[in-house]
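Student: Give me coordinates for this.
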Amino acid sequence: MKEYTIDAKGKILGRLAAEAVVLLRGKNSPSFLPRLTPDNIVKVVNTDLMKVTGKKMEQKTYYHHTGYPGGLKEESLADLFARDSREALRRALYGMLPKNRTRNKTIKNLKLYKSETEK
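Tutor: Okay, the predicted model is just below:
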């Protein structure tokens, strides 16, 4: 089991997510097997200090449906970031993982912290 710590201070959201997903899946290891979930733990600190390029803060929208008629909810990246910056990074990473049964197991090895002192 390996543990990695990434400082998100000043890093761009998508590039940080791409770096973290490689470590989460264990693709940096010579013994990588796509069908196995590695025991790598990735800790990301200072998620409040991440950057986003362009107009994504206002224009990027996340959707989810409650399951009831007319239950489509939407939230901009700015609102999501203000509510919880960790959730924005978690959603980016979740979308980069393979869409199979290993995804939910892998995302549990991700630990997100708003600041370094929060650990």
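
Student: Show the residue spans covered by the strands in this structure.
Tutor: Using DSSP state E, the strands of the chain run over 3-7, 41-45, 61-65, 72-76, 110-112.

Student: Tell me who's in contact with the spatially closest residue to G71 that is not a sequence neighbour.
Tutor: The spatial neighbour of G71 that comes closest, neighbours along the chain excluded (C-beta to C-beta, 6 or more residues apart in numbering), is H65 at 5.4 Å. Where you see a C-beta, it was placed from the backbone N, CA and C, and this is true even at glycine. Shown in contact with H65 (C-beta atoms under 8 Å, 6 or more residues apart in numbering): 71-73.

Student: coming back round to it: nearest to G95, out of the strands of the chain?
Tutor: For G95, the closest of those is strand 61-65, at 10.4 Å, according to C-beta to C-beta.

Student: Rounded mean pLDDT for the closest one, please.
Tutor: The average of the pLDDT scores along strand 61-65 is 96.

Student: swap in stretch 43-52?
Tutor: Across stretch 43-52, pLDDT averages out at 96.

Student: is it possible to export the strands of the chain to TSV including distance to T102?
Tutor: Putting the strands of the chain into TSV (distance: least, C-beta to C-beta, whole Å) gives the following:
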stretch	distance to T102
strand 3-7	18
strand 41-45	15
strand 61-65	22
strand 72-76	27
strand 110-112	13
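
Student: Before I go, just wanted to say thanks for your time.
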